[in-house]
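# Coordinates only, no sequence provided:
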């Protein structure tokens, strides 16, 4: 039996070797389509890491963002950089990573959010994440902008006992370089 415990650690607790391991996993999992800005988006928060036989096989992180909805700035745990090594997929590792990140979100944030790829959407939906049906945008340096290309791929999760945001109006996220969502 191999050890598959999920380790939670803040970016500040990770050494250069671990960060390089994470980056290599993400580059392989996304077939080289994971930019420096994408990697940057996953830093500064909590990481869920799973090692098997001394090798990193799954990762995800949750970072703080602000989502403005109906005049309120919601402290949002935004999930980033979720990946499972190709030869370890369909073994429950993605679900284990998400369970750890959901625990962080439930204790520290009003809600969770993420932008799902087509490949990842089933994992999130199966865990109770729901597609945001309202409009999506960002608070750009030039003011609010709508991001219609992101609509339909933004998933939200509310911890038990917290209410789901009404889909009326827009959900605006804070601005960042690269892919905003």
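Looks like it arrived, so ask away. As the structure is a computational prediction, the values presented were derived from the model and not from experiment. Numbers count the residues shown, from 1 in each chain.

# Could you pick out the longest helix of the protein?
Counting by DSSP state H, the longest helix found in the chain is helix 93-108.

# Mind giving me the packing neighbours of the following helix or strand past that one?
The helix or strand immediately downstream of helix 93-108 is strand 111-115, counting by DSSP states H and E. Packing partners of strand 111-115 (3 or more Cβ pairs under 8 Å, 6 or more residues apart in numbering; DSSP states H and E): strand 55-69, strand 72-84, helix 93-108, strand 154-157. For the C-beta atoms, the positions are set from N, CA and C on the backbone; glycine is no exception.

# residues contacting the nearest residue to residue 180 once chain neighbours are set aside?
Nearest in space to residue 180, with sequence neighbours left out and distances taken as Cβ to Cβ, 6 or more residues apart in numbering, is residue 138 at 4.6 Å. Residue 138 sits next to 144, 145, 147, 172, 173, 174, 175, 180, 181 when contact means Cβ atoms under 8 Å, 6 or more residues apart in numbering.

# Contacts for the helix or strand where the fourth one lies, please.
Think residue 172. Using DSSP H and E, residue 172 maps to strand 170-174. Residues outside strand 170-174 that contact it (Cβ under 8 Å, 6+ apart): 65-69, 76, 78, 113, 132, 134-139, 144, 146, 154, 165, 180-181.

# In contact with the residue most central in space within the chain, which residues?
The chain has residue 79 as the residue nearest its centroid, 1.4 Å off, counting by Cα atoms, centre = their mean. Residues counted as contacts of residue 79 (Cβ under 8 Å, 6+ apart) are 60, 61, 62, 98, 101, 105, 112, 113, 114.

# Same question for residue 166.
With Cβ under 8 Å, 6+ apart, residue 166 has these contacts: residue 70.

# before we move on, could you check phi and psi at it?
phi -60, psi 130 (degrees, to the nearest 10).

# any idea how far it is from residue 57?
Going from residue 166 to residue 57 by Cβ to Cβ, to the nearest Å gives 39 Å.
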